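A.B. asks: A structural model of the following input is requested.
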Amino acid sequence: MRAGAHAFYGFAAAEPALFTLMFDSRLLAGHASLRAAEQSLLDLYAASVEADEQFPAGQRRDAALALWTMGRGVAAMMASEPTGRLPAEVLERFFAGARYVVRRTS
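C.D. replies: Model (predicted):
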């Protein structure tokens with residue numbers, strides 16, 4: 001789970017324009033193939049969360065969806081920034097909050 005989060009947000013930091021494009025609401029709404037691709041990625045991500053024993057077995061799929069949705073929210077926030085990147089303070093606060101939520105719910 002931790003490695004997946006680092007990869008996901010590492011990619012977001014290294015490729016902010018591509019990351020925000022991946023979750024562009026207009027593109028997703030207009031193209032079934034893009035929605036299917038996102039669903040495939042979500043399924044792959046969910047499988048990794050479902051294998052993580054830090055979450056109760058009955059909550060893993062829901063936790064995967066919630067964490068994926070947080071990632072989409074970060075993408076939207078990044079897209080609204082002129083630089084395509086979140087300010088370091090905001091990103092730091094996000095990670096701190098995400099760590100708290102994950103540890104608190106497990």
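
A.B. asks: list the contacts for the residue nearest the centre of the chain?
C.D. replies: Centroid check for the chain by CA atoms, centre = their mean gives residue 71 as the closest residue, at 2.3 Å. Residues touching residue 71, when contacts are defined by CB atoms under 8 Å, 6 or more residues apart in numbering, comprise 8, 9, 12, 23. Glycine gets a C-beta too; all of them are placed from N, C-alpha and C.

A.B. asks: how about a cut-off of 6 Å?
C.D. replies: Contacts here follow CB atoms under 6 Å, 6 or more residues apart in numbering; on that basis residue 71 touches residue 8.

A.B. asks: Number of residues surrounding residue 45?
C.D. replies: Applying other CB atoms under 10 Å, we find 19 other residues in the vicinity of residue 45.

A.B. asks: by contact count, what packs against the one helix or strand it maps to?
C.D. replies: Mapping residue 45 onto the secondary structure by DSSP states H and E places it in helix 32-50. Secondary structure elements in contact with helix 32-50, counted by 3 or more CB pairs under 6 Å, 6 or more residues apart in numbering; DSSP states H and E, are helix 25-30, helix 60-79.
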